[in-house]
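>>> This is the structure alone, sequence omitted:
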């Protein structure tokens, strides 16, 4: 399953870039597009977290699982058994 680890690493890199863009905005059009994309992905991950809340609540550490869904979305949900 190395493809899922690569996907998580790329998503983590994306979130780091989005955070850096908030603190020190990148030049346009990259900065604006990155901000919009981060907002859209965050909304999608919140929806995923709400849809799979029952499944996440059954996990030993539900808040950790929810944070990972916020960061990685479907990629993390895929790793749950």
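All right, it came through fine. Since the structure is predicted, the reported quantities are computational estimates derived from the model, not experimental observations. Numbering: from 1, shown residues only.

>>> Residue 46 reaches residue 70, doesn't it?
Yes: using Cβ atoms under 8 Å, residue 46 is in contact with residue 70, at 6.9 Å. Glycine gets a C-beta too; all of them are placed from N, C-alpha and C.

>>> how far does the helix or strand residue 66 falls within sit from the chain's center?
In this assignment (DSSP states H and E), residue 66 forms part of helix 62-72. With Cα atoms, centre = their mean, to the nearest Å as the basis, helix 62-72 stands 8 Å off its chain's centre.

>>> Likewise for stretch 27-35?
19 Å.

>>> quick one: contacts for residue 11?
Going by Cβ atoms under 8 Å, 6 or more residues apart in numbering, residue 11 touches 71, 72, 73, 75.

>>> Among these, give me the pair with the biggest separation.
71 and 75 (9.1 Å; Cβ to Cβ).

>>> quick one, what contacts the closest residue to residue 49 other than its chain neighbours?
Closest residue in space to residue 49, ignoring its immediate chain neighbours: residue 69 at 4.6 Å, by Cβ to Cβ, 6 or more residues apart in numbering. Contact analysis of residue 69 by Cβ under 8 Å, 6+ apart lists 45, 48, 49, 52, 56, 76, 77.

>>> ok, now with 6 Å
Shown in contact with residue 69 (Cβ atoms under 6 Å, 6 or more residues apart in numbering): 48, 49, 76.

>>> tell me the phi and psi of residue 57?
phi -70, psi -30 (degrees, to the nearest 10).

>>> What's the local residue count around it?
The number of residues packed near residue 57 is 11, by other Cβ atoms under 10 Å.

>>> From residue 15, how far out is it?
For residue 57, the distance to residue 15 equals 24 Å [Cβ to Cβ, to the nearest Å].

>>> again, but for residue 42
Taken as Cβ to Cβ, the span from residue 42 to residue 15 is 9 Å.

>>> Find the residue closest to residue 68 in space, skipping its chain neighbours.
Residue 68's closest residue in space is residue 76 (Cβ to Cβ, 6+ apart), at 4.4 Å.
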